[in-house]
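Student: model this:
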Amino acid sequence: MDFNFTDEQSMLRDTVASYLADHYSFDQRRAMLKAPPHWSPTIWKAFAEELGILGAPFAEELGGLGGGPVENLVVMQEMGRALVVEPYLGTVVIGGGFLKHSGYPQAEALIGQIIAGEAIFAFAYAEPQGRYNLADLKTTAKKEGGSYVLNGQKAVVIGAPYATHLIVTARTAGGQRDAEGISVFIVEKGAAGVTTRDYPTVDGHLASEVVLENVKVDGSALVGPENHALPLIEKVVDEAVVATCGEACGVLAKLHEGTLEYTRQRKQFGQPISAFQVLQHRMVDMFIQVEQSVSMTYMATIKLSDEAERAKAAAAAKVQIGKACKFVGQNAIQLHGGMGMTDEMAIGHYFKRATMIESAFGSTDHHLARYEFLSLGQAA
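Tutor: Predicted structure coming up:
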């Protein structure tokens, strides 16, 4: 199978990499995270206007670049290398995914706002009791005439502090864990009844606990089929999982590169510690984990268009990524020693991001069990 990028995809990768090298250095990122608003609207505007990458996976007739999952992979991989905190995943991959796949009547207008950098989405799906079960929902949406009234609580909504819109999963029928009876809504963050408690995550991102109290939305806020939205949610989440794996590939590569560089500089007994055979073996093992992660991620990206294989490929890639994040991250810190966790060294920041990625959208154990169920022909 051909894993090579096209000329256009290679140009996209080089464009993103070049811009981030000039405007998103480690020191620039650290300074940005320490001062409000703890992300860069200027960088986001540049993504939209200078680079045009917010339109990477959207059709040309919508103002995009005519790409798809591979373009998301290219962008996310470079963003992983630079530890970008701006909400490309939540807005372009997840928000854009729901708009593209749902047949939403206002999709064209909202996608135009995403491409222009005006609309920012955050995915409010996780609940305190839900673990990784997308169908475990206490949040309700009750129909009142032509409107819906939403009530519930969403946990760890990444990117919500700077979002303009929330994509909310809610139960419109059935029991708490039923596969049927689930619907998706687009809710303006500033709507009456929406309250948030914002906080930073360990890897420098921002998240919120979101409370919905009698939030009334028009019927046009419904995305996809009422009561039957779980397949749509699973499809978009699989795309988000694979895009996150792409980001992880960039993070893992930097962890390995940083460790190689450090061991060549650090001397013990009069020679660089990279000369010690046992450490050479360790770094080779790290390299193998990185390369396996890249291959699994590329394979999963290609299979996102195959409905029969999509979920299994996404789960398999996430298992490999989870194992690699743990192995490569922990060994990078061990080889750096205690200084690897200091704020001044980049390696600790990459380790923190790798640790968060390991549990994003489901832990390694969760996706291993999911892969097993899918392989046996059972529902995940």
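
Student: low pLDDT regions in this protein?
Tutor: 1-2, 378-380 (pLDDT under 70).

Student: and Y132, that one's in a helix?
Tutor: No. With DSSP: H, G, I helix; E, B strand; the rest coil as the criterion, Y132 is coil rather than part of a helix.

Student: does it touch T364 like I think?
Tutor: No. Contact criterion Cβ atoms under 8 Å: Y132 and T364 do not qualify, at 11.2 Å. Where you see a C-beta, it was placed from the backbone N, CA and C, and this is true even at glycine.

Student: which other helices and strands contact the strand or helix carrying T263?
Tutor: Of the helices and strands defined by DSSP states H and E, T263 is found in helix 230-265. With contacts taken as 3 or more Cβ pairs under 8 Å, 6 or more residues apart in numbering; DSSP states H and E, helix 230-265 sits against helix 69-82, helix 96-102, strand 182-188, strand 271-272, helix 277-302, helix 310-336, helix 346-359.

Student: buried ones in the last one, by neighbour count?
Tutor: So the one you mean is helix 346-359. The neighbour-count check on helix 346-359 (16 or more other Cβ atoms under 10 Å) flags 346-354, 356-358 as buried.

Student: and if you look at stretch 151-171?
Tutor: Burial within stretch 151-171, assessed by neighbour count using 16+ other Cβ under 10 Å, is assigned to 151-154, 156-163, 165-171.

Student: then it to CSV, C-alphas only?
Tutor: Coordinates of each C-alpha in stretch 151-171 appear next as CSV, following Å, rounded to 0.1, in the frame of the first residue of the first chain:
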residue,chain,number,x,y,z
ASN,A,151,-30.2,19.8,30.8
GLY,A,152,-27.0,18.1,32.0
GLN,A,153,-23.3,18.3,32.7
LYS,A,154,-20.3,17.7,30.4
ALA,A,155,-16.8,17.0,31.7
VAL,A,156,-13.4,18.0,30.4
VAL,A,157,-14.6,19.8,27.3
ILE,A,158,-11.3,20.5,25.6
GLY,A,159,-11.2,24.0,24.0
ALA,A,160,-14.4,25.1,25.5
PRO,A,161,-12.9,28.3,27.1
TYR,A,162,-12.4,29.8,23.7
ALA,A,163,-15.1,28.1,21.7
THR,A,164,-18.0,30.0,20.0
HIS,A,165,-20.1,26.8,19.6
LEU,A,166,-20.5,23.6,21.5
ILE,A,167,-21.4,20.3,19.9
VAL,A,168,-23.5,18.5,22.6
THR,A,169,-24.6,14.9,22.7
ALA,A,170,-27.9,14.4,24.6
ARG,A,171,-30.5,11.7,25.2
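
Student: what is the burial count for E50?
Tutor: Per other Cβ atoms under 10 Å, the neighbour tally for E50 reads 12.

Student: and it, helix, strand or coil?
Tutor: Classified using three-state DSSP, E50 is helix.

Student: for it, which non-adjacent residue is closest in space?
Tutor: Among residues not flanking E50 along the chain, Y19 sits closest, at 7.3 Å (Cβ to Cβ, 6 or more residues apart in numbering).

Student: the one you found contacts E49, doesn't it?
Tutor: No. Assessed by Cβ under 8 Å, Y19 is found out of contact with E49, at 11.9 Å.

Student: neighbour count for the two, which is higher?
Tutor: Legend: neighbour count by other Cβ under 10 Å for Y19 and E49, higher for Y19 (18 against 12).

Student: check contacts around the more buried one.
Tutor: The contact partners of Y19, by Cβ atoms under 8 Å, 6 or more residues apart in numbering, come to 46, 50-51.
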